[in-house]
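Colleague: below are the sequence and a predicted model for it; my questions follow.
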Amino acid sequence: MKALFQKEWRENVKLAVLGFIIYGLLLLRLDIGYVGELKDLAQGIGGRGGEGWQPLLFKTFLQGTAFLCPLLAAVLGWFQIHNERHRDLWSFLVHRPVTRTQIFLAKAGAGLALYLLGAGLPFLLYVGWAITPGHVAAPFEWSMLQPACAMLLTGPAFYFAGMLTGLRQARWYASRGVPLVSGIAVSVCAAIVPHFWQALLVLISGAAILGFAAWGSFRTNGYYCGQPKVAKPALALGLVLGTMVITFIGVGLLTKAFLERWFVAPVEWSHYAMLKDGTVYREIDNNGRPAKLLDLKGGPLTSRKTGQPLTRQELSGESAASILIHVYFGDWDWHFSYFKKPYSLFEGMGPSGGALWYYWARYAKVVAFDLSNRRLMGSLGPGGFSQRLVPGESFDYPPGEMLDLLHTPTKLYRLNLADRSATAIFSAPADDPIGGAAVLQSAEEDHSLTAVATRHFICLLHGREEIWKAPYEPGYPAYDNIAVYRLEGTNDYALWLTPARRGPLPDRITYLANGHAVRILELPTHPQSLVFDASDKVLSFGTAPVLIVLDRALASWNVPQIPREALWFGLVGAAISIVVGVWLGRRYSFDPPAQLGWAVFILLFGLPGLLAFLAVQEWPAREPCPNCGRLRIVTREHCEHCQAVFRPAEPTGTEIFESLC
């Protein structure tokens, strides 16, 4: 096996080197661009925000890894097989004094080692550069590497998919490339699960399935017949992953092309908004058509000046300025998928005073990184600026939309990054903690207006001066979204409370004059619901019933849910597929265990299962039996109907071998 490993390495190392160069040049470009951007920031020129200053979270890095690494793996797997598909060369290879399994293992070992050289090595060099102090002016936590690592680890699945594509005795325009689609399915599943360990489980399972399928096909020169018992179900599962994607896309395109125009039920969603004079209106969108603007009585929304119906364009100058607060008292956990969690670890606050500033959630403090040496300068907390990142009094999480406005349970601070200071502008008693704060978001209004929500009250501040204080009723947690609207022409305000979840609770608006409630308005509920229309029903015919049955398990993983109504249509599609599969099995005289096994497989996977069944089986020609006259399979020695043997061909006089009969 050592000689075979060396042979595969010598023949395919050029592909790994090419991949190393392409991927390495991409990462080098990101490195150089990042250094140049920091120099521009030091000179006060432009710059990105947030994760744009952490190279491990660059979209170009993640997208390049997600595209180039699977591509390199698939190319390696395919070329290792394609280069030896010439019949004489293939015969020479498989007739070595070693088993085909040993040959396959030598090929796979060399191919995966070359993948690590071409993709893994530049990846490790880039990560090593990014985590070395003095190279990156941004916070770092190990969980930031999880999305990129998951993309890198899709390589084995794509490698075996490439091998399987090169091995299978199928047409390119039919099912030969389906394993590559299966690799895409594995990578997508690994990206949508919430936890990294679940992504690893998906990637290992996908690579194992495709690996066993490639091994079985290697042993039989790409044919299904004669494969080991472990390899046959692996091949079926490996192909059904791809056929599920193909079926979903194909049926979706056909549905959109032929059904959506006539059979899609109108799906409306709406929301309420407020004008400068306090008028509340309802905006309704319907499948991308022009929005309807209605008053609360259901009539068209009219202009105060002209009395004519308002258009969407005219609303921009009529909408009231607002302060939006999302209230949170730390009584429940924030859950992010491993793919999104790195973006919640810190928030970029921008350059100031020769430093890049971040709110770092791990320490609940504001930290500064020097733009010149890219090292941590210190941290800013409620007690002031410190040149070290030390434990102590910290701000609450999450910081909210306004990063210069942070709070502890009892104090609200306004930050001045240029002076490296945090000034308290509001205090609350210990039994009435602060749950959120925000400033007025309007280019035409005074930005010094600040709204603060405590457990029992909502206060409006001008600077440090309290303008009014209103009860927080209905309170948290039923209502956790607050909007304070400043109305035009008066000192009146509107206090709009939105329930935590859309449902039976109505939105509640309190109009204030001189800090006192003068009118309360409760808005009719308008729950948004998805309509399971005709296009969805047709699309459900191609959905694997096993995915719908696993709806509960997927719900616990926070995976986007499949409508339960789809189960019945998926089962109908599976039933039709079973009928076709049983008919084909009887036509080609499958034995009862094979018939039962494929029927269960198609029941679980529906139409994609039927397509996988068609793809893996070899369908030999049939000719009339001379004895019984019924069509019989030409690859069998006896007729499956009458057990008669094939008659030898009539002699033509050109035979050079003795008759065996």
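Modeller: Yes, it's here. Numbering: from 1, shown residues only.
Colleague: CA only for contacts and neighbour counts going forward, please
Modeller: Fine.
Colleague: looking at this, Arg632 is in a helix?
Modeller: No - when DSSP: H, G, I helix; E, B strand; the rest coil is applied, Arg632 is found to be strand, with no helix at that position.
Colleague: next up, the contacts around it.
Modeller: Counting by Cα atoms under 8 Å, 6 or more residues apart in numbering, Arg632 touches Arg622, Glu623, Pro624, Cys625, Cys639, Glu640, His641.
Colleague: any idea how far Leu495 is from the second one?
Modeller: For Glu623, the distance to Leu495 (Cα to Cα, to the nearest Å) stands at 83 Å.
Colleague: who has more neighbours out of these two?
Modeller: The residue with more neighbours, out of Glu623 and Leu495 and counting by other Cα atoms under 10 Å, is Leu495; that gives 21 against 11.
Colleague: what does the helix or strand hosting the more buried one contact?
Modeller: Following DSSP states H and E, the helix or strand that holds Leu495 is strand 493-499. Surrounding strand 493-499, the residues in contact under the criterion Cα under 8 Å, 6+ apart are 278, 474, 478-487, 505-513.
Colleague: direction included, what does that strand pair against?
Modeller: Strand 493-499 has its sheet partners listed here by DSSP bridges as strand 479-486 (antiparallel), strand 508-513 (antiparallel).
Colleague: how about it as PDB, C-alpha atoms only?
Modeller: In PDB, the C-alpha atoms belonging to strand 493-499 read as follows (Å, rounded to 0.1, in the frame of the first residue of the first chain):
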ATOM      1  CA  TYR A 493     -45.900  62.000  22.500                       C
ATOM      2  CA  ALA A 494     -47.300  58.600  21.700                       C
ATOM      3  CA  LEU A 495     -46.100  55.500  23.600                       C
ATOM      4  CA  TRP A 496     -46.600  52.300  21.500                       C
ATOM      5  CA  LEU A 497     -46.200  48.900  23.200                       C
ATOM      6  CA  THR A 498     -45.900  45.800  21.000                       C
ATOM      7  CA  PRO A 499     -46.300  42.300  22.400                       C
END
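Colleague: which ones among the contacts of Arg632 lie within strands?
Modeller: Among the contacts of Arg632, the members found in strands (DSSP state E) are Arg622, Glu623, Pro624.
Colleague: of the contacts of Arg632, which is the nearest to Gln54?
Modeller: If you rank the contacts of Arg632 by distance to Gln54 using Cα to Cα, Arg622 comes first, at 64.0 Å.
Colleague: ok, now which ones touch that closest one?
Modeller: The neighbourhood of Arg622, defined by Cα under 8 Å, 6+ apart, consists of Leu631, Arg632, Ile633, Val634.
Colleague: quickly list what it is bridged to.
Modeller: Beta-bridge pairing of Arg622, defined through DSSP bridges, involves Ile633.
Colleague: which parts of the stretch 301-450 of the chain are strands?
Modeller: For the stretch 301-450 of the chain, applying DSSP state E, counting those that start in this stretch gives strands covering 321-326, 346-352, 355-360, 365-370, 376-381, 384-386, 405-407, 411-416, 421-427, 434-439, 449-454.
Colleague: among these, which is nearest Pro651?
Modeller: The minimum distance between Pro651 and the strands of the stretch 301-450 of the chain falls on strand 346-352, with 84.1 Å, by Cα to Cα.
Colleague: what angle do the closest one and strand 411-416 make?
Modeller: Orientation check (axes from the mean of the first three to the mean of the last three Cα atoms, to 10 degrees): strand 346-352 against strand 411-416 gives 40 degrees.
Colleague: adjacent strands (with direction) for strand 346-352?
Modeller: As defined by DSSP bridges, the strand partners of strand 346-352 come to strand 355-360 (antiparallel).
Colleague: contacts for the strand it pairs with next, please.
Modeller: By Cα under 8 Å, 6+ apart, the surrounding residues in contact with strand 355-360 are 42, 137-139, 345-351, 365-371, 377, 399, 403, 417.
Colleague: out of the strands paired with strand 493-499, nearest to His95?
Modeller: Put simply, out of the strands paired with strand 493-499 the one that sits nearest His95 is strand 479-486, at 72.0 Å, with distance taken as Cα to Cα.
Colleague: between that closest one and strand 449-454, how big is the angle?
Modeller: With the same axes, to 10 degrees as the basis, strand 479-486 and strand 449-454 are set at 160 degrees to each other.
Colleague: just give me how far strand 479-486 sits from the chain centre.
Modeller: Centroid separation between strand 479-486 and its chain, computed with Cα atoms, centre = their mean, to the nearest Å, is 32 Å.
Colleague: ok, stretch 210-225 next?
Modeller: Averaging C-alpha positions (Cα atoms, centre = their mean) puts stretch 210-225 31 Å from its chain's average.
Colleague: could you do stretch 80-97 as well?
Modeller: What separates the centre of stretch 80-97 from the centre of its chain is 40 Å, taken as Cα atoms, centre = their mean.
Colleague: for Trp619, what are phi and psi?
Modeller: When read as degrees, to the nearest 10, the backbone of Trp619 gives phi -110, psi 90.
Colleague: nearest residue to it in space, please, no chain neighbours.
Modeller: With sequence-adjacent residues excluded and distances taken as Cα to Cα, 6 or more residues apart in numbering, Trp619 is closest to Tyr588, at 8.0 Å.
Colleague: quick one, domains of this structure?
Modeller: In the assignment given by automatic domain parsing, the structural domains of the chain cover 1-139, 268-321.
Colleague: specify the stretch among those that is closest to Ala234.
Modeller: Closest of the domains of the chain to Ala234 is domain 1-139, at 16.0 Å (criterion: Cα to Cα).
Colleague: need the distance between the two termini of that closest one.
Modeller: With Cα to Cα as the measure, the first residue of domain 1-139 is 46 Å from its last.
Colleague: quick one: mean pLDDT over that domain.
Modeller: Confidence over domain 1-139 (mean pLDDT, whole number) is 87.
Colleague: same check, this time on stretch 249-261
Modeller: Per-residue scores along stretch 249-261 average to 71.
Colleague: then stretch 145-155?
Modeller: On average, stretch 145-155 scores 95.
Colleague: contacts for that stretch?
Modeller: Among residues not part of stretch 145-155, those counted as contacts by Cα under 8 Å, 6+ apart are 56, 62, 65-66, 69-70, 72-74, 115, 119-120, 183, 186-187, 190-191, 196, 199-200, 203, 338-339.
Colleague: using the three-state scheme, assign Arg586.
Modeller: Following three-state DSSP, we place Arg586 in the helix state.
Colleague: so how far is Lys365 from it?
Modeller: In this view, Arg586 and Lys365 are 70 Å apart by Cα to Cα.
Colleague: highest mean neighbour count out of the domains of the chain?
Modeller: Among these, judged by mean count of other Cα atoms under 10 Å, the one packed with the most neighbours on average is domain 1-139 (a mean of 17).
Colleague: which ones among the contacts of stretch 145-155 are found in helices?
Modeller: Members of the contacts of stretch 145-155 lying in helices (criterion: DSSP state H): 62, 65-66, 69-70, 72-74, 115, 183, 186-187, 190-191, 196, 199-200, 203.
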